[in-house]
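[1] Fold the following and give me the result.
(chains A and B)
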Amino acid sequence: MALSTERPSPRRVPQRPGDRIFSGFSTGAGVLILVALAGVAAFLLVEAWPSLTAPAEDISGGEGLVLYVWPLLFGTLISAVFALVIAAPLAVAIALFITYYAPRRLAQALGYLIDLLAAVPSIIYGLWGFQQLAPLTVDPTTWLSENLGFLPFFAGPPSATGRTMFVAIIVLAVMILPIITAVVREAFRQTPRLHEEASLALGATRWEMIRMAVLPFGRSSIVGASMLGLGRALGETMAVAIVLSVSGGVTFNLIGSGNPSTIAANIALQFPESTGLQVNTLIASGLVLFAITLVVNMAARAVINRRKEFSGAN
Amino acid sequence: MPTPTTSTRSDTDLYAPLSGVPLTAGQLPRGAAPLTLLAVVLAGVALWLSGWNAAACAVLGAITYTLVVTVWSRVVEGSRKATDRLVTAVVTCAFLLALLPLISVVITVISKGLARFDAEFFTYSMRGIVGEGGGAYHAIMGTLIITGLATVISVPVGMLAAIYLVEYGRGKLAKAITFFVDVMTGIPSIVAGLFAYALFALFFGPGVRMGIMGAIALSVLMIPVVVRSTEEMLKLVPNELREASYALAVPKWRTIVKVVLPTALAGIATGVTLAIARVIGETAPLLVTVGITSSDNFDPFDGRMATLSVFAYNSYAHPGFPADAFTDRAWAAALVLIIIVMVLNLIARLISRLFAPKTRG
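    Numbering: from 1, shown residues only, chains lettered A, B, ... in the order given. Got it, this is the predicted structure:
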């Protein structure tokens, strides 16, 4: 019969107006997100422009924008990197504990507990670090400066208030711990069950199973998660602003009373009282921060996504 | 001749040496590890009661336990088992270590916050208050208004974008959006605040402060969270539901609105609640866009407003006299904030547990 052998017409099903409007709106929302991200960069650049073109002596500090931002950038990097050095191994250990060591029934609840660490607002970490943690560190830092004073980090003289880079680093580490843990846990959970069982069946102990089956599988996730944590630590504002007693300058001494500030904390501390070119300068430093975190986050996501595509799990 | 190191049983065939190698290995007695732990804990408590520093006792106890179990296991069971036990102890210690700050934060906030956690704190603003007394009514309302506005902006945009990604998006645009949504979750909150300030400063001149600016800044932080969680939930909706709907000639948009969204609603609600919990405690973006005021201002389009987090920061950073009154108010605000966040988290867990979508069966 002619009718059945006829090729189906290439004409598509007529699109209803409702469909067009709806898909238009949702595409628009998606594009809006991209526009917003581009807008963040564009508007920051526009507002930072006057300080980029201003003569050096008009910038606060009187030595130009680069020398104004550099100590802040140094403080930002040193606090974030040390926080990451503390947090990353802990986070991997915690993720291992929750996925492989904790009793099955408790595992999920323990995961929530760690997630709660991420839920505490940063202002509260700041107040806690300032009032609770900082006084506790005075004795240990004194000991460190007496016994390990030959290391540049513990050169001393130790701060009497405890409001040091050391405390800021610990607070930052606590704050990025749950972020790293969450991503690493997700990766560990996707380890192929058969790999684990095969390794146990060959007589591996639990640690050998983890070392040979789980960690290689999760390695790129651990790297990516650490970079996410780094990005978060770079941009953390209030906790550092409250904890750190700032004097400017570039120093590796983590336990002294004179510490370099961080970009984010400096903005929070200076912005409310700034006018004119100072505001532009602060926004320019914010632009630097935005660029750095953007690069770190993009690299992190690229690493994590690559694992998704080539992992043995799919 | 090699002899088994632990057992005195020599009558079983298992111990018949196979070219000199015993076929079984030694094992720690059952309950060896828990009993060692108990002994160490008791010793630690005893030291603590005799006047040692609690932290020192805990650290010493952890190290002693790890050492004892590892060395004992190494002697009896061999190095592989010993490493396993060592790692178990270390990993458990790491977890307990991570709980310390959480416990300490909660105890500190509660003990210091209760001093001013009274009716006056919830019903008074700071208008005309110079010393003790006063409250955070204006700040609580400000936080609710600004977070509410941010939610109103973020949820439709975030949900529609997620719908685009799951239901429509193909090709480069969808890939780019997915990637940059992930990247956007890492934008520092202070940068979001500066963005909102820069945006409004272009139109209203420098020094502008408005509640809506804060809401926009919070939306920048909130939208990616909403997109991610909605996307995850929409992906869980089984394709059979969509196909059944298409087979009944239901248009695609009605399928999404009437079939897909209701199925995923509980999960989306959980995600939105968690997103609100994430932004409600933000301080930095509000500090640079909304500022602080001491009187009631509930109009987000007119000048400075107070918010709980900035109120807490400001009371701590610029105390008047007596300073204790300001510190107490800061901690009370912190307590209110942490209660709000914890309750939101609890609600989110409850929603996801009670109304979880049934993906199988």
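
[2] Quick check on A:Asn259: phi, psi?
    phi -120, psi 150 (degrees, to the nearest 10).

[3] neighbours around it, how many?
    Other residues near A:Asn259 come to 28 when the count uses other CB atoms under 10 Å in any protein chain shown. Backbone N, C-alpha and C define where each C-beta goes, glycine included.

[4] okay, now A:Phe43: neighbour count?
    21.

[5] quick one, what contacts it?
    Listed by CB atoms under 8 Å, 6 or more residues apart in numbering or on different chains, the contact set of A:Phe43 reads B:195, B:198-199, B:202.

[6] If any of these are buried, give me the PyMOL selection for them.
    Applying 16 or more other CB atoms under 10 Å in any protein chain shown to these, the buried members can be selected in PyMOL as follows:
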select buried, chain B and resi 195+198+199
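
[7] Distance to B:Val226, secondary structure and pLDDT for the contacts of A:Phe43 - can I get that in a markdown table?
    Compiled in a markdown table, the contacts of A:Phe43 are given as follows (distance: CB to CB, whole Å; DSSP: H, G, I helix; E, B strand; the rest coil; pLDDT from 0 to 100):
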| residue | distance to B:Val226 | secondary structure | pLDDT |
| --- | --- | --- | --- |
| B:Phe195 | 18 | helix | 94 |
| B:Ala198 | 23 | helix | 92 |
| B:Leu199 | 20 | helix | 92 |
| B:Leu202 | 27 | helix | 88 |
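
[8] Using a markdown table, please lay out the contacts of A:Phe43 together with distance to B:Glu77.
    Putting the contacts of A:Phe43 into a markdown table (distance: CB to CB, whole Å) gives the following:
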| residue | distance to B:Glu77 |
| --- | --- |
| B:Phe195 | 59 |
| B:Ala198 | 64 |
| B:Leu199 | 65 |
| B:Leu202 | 70 |
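
[9] Would you enumerate the residues in contact with whatever residue of the stretch 201-314 of chain A ends up closest to chain B?
    Closest approach between the stretch 201-314 of chain A and chain B, counting by CB to the nearest CB: A:Gly235, at 2.3 Å. Going by CB under 8 Å, 6+ apart, A:Gly235 touches A:264, A:289, A:293, B:186-191.

[10] Locate B:Trp70 within the secondary structure: which element?
    Just to correct that, residue B:70 is Thr rather than Trp. In the assignment (DSSP states H and E), B:Thr70 maps to helix B:54-77.

[11] Contacts only, for the nearest residue to the residue of the stretch 201-314 of chain A closest to chain B once chain neighbours are set aside.
    Distances taken as CB to CB, 6 or more residues apart in numbering or on different chains put B:Pro188 closest to A:Gly235, at 2.3 Å, once the chain neighbours are dropped. With contact taken as CB under 8 Å, 6+ apart, B:Pro188 is in contact with A:234-237, A:264, A:289-290, A:293, B:284.

[12] Lowest pLDDT pick from the contacts of A:Gly235?
    pLDDT across these is lowest for B:Gly186, at 87.

[13] Surely A:Ile33 is in contact with B:Ile177?
    Yes: taking CB atoms under 8 Å as the definition, A:Ile33 is a contact partner of B:Ile177 at 6.1 Å.

[14] Write out the residues of the stretch 51-200 of chain A neighbouring chain B.
    A:89-90, A:93-94, A:96-98, A:101-102, A:110, A:112-117, A:119-128, A:130-133, A:174, A:177 (CB under 8 Å from any CB of the partner chain).

[15] Separate out the buried members of the residues you listed.
    Buried, going by 16+ other CB under 10 Å: A:90, A:93-94, A:96-98, A:101-102, A:110, A:113-117, A:119-128, A:130-133, A:174, A:177, out of those.

[16] can you tell me which of those residues are in helices?
    A:90, A:93-94, A:96, A:110, A:113-117, A:119, A:122-128, A:174, A:177 (DSSP state H).

[17] Helix, strand, or coil at B:Gly26?
    coil (DSSP: H, G, I helix; E, B strand; the rest coil).

[18] since we're on it, how many residues are nearby?
    By other CB under 10 Å, neighbour count at B:Gly26 equals 15.

[19] ok, it to B:Glu77 distance?
    5 Å (CB to CB, to the nearest Å).
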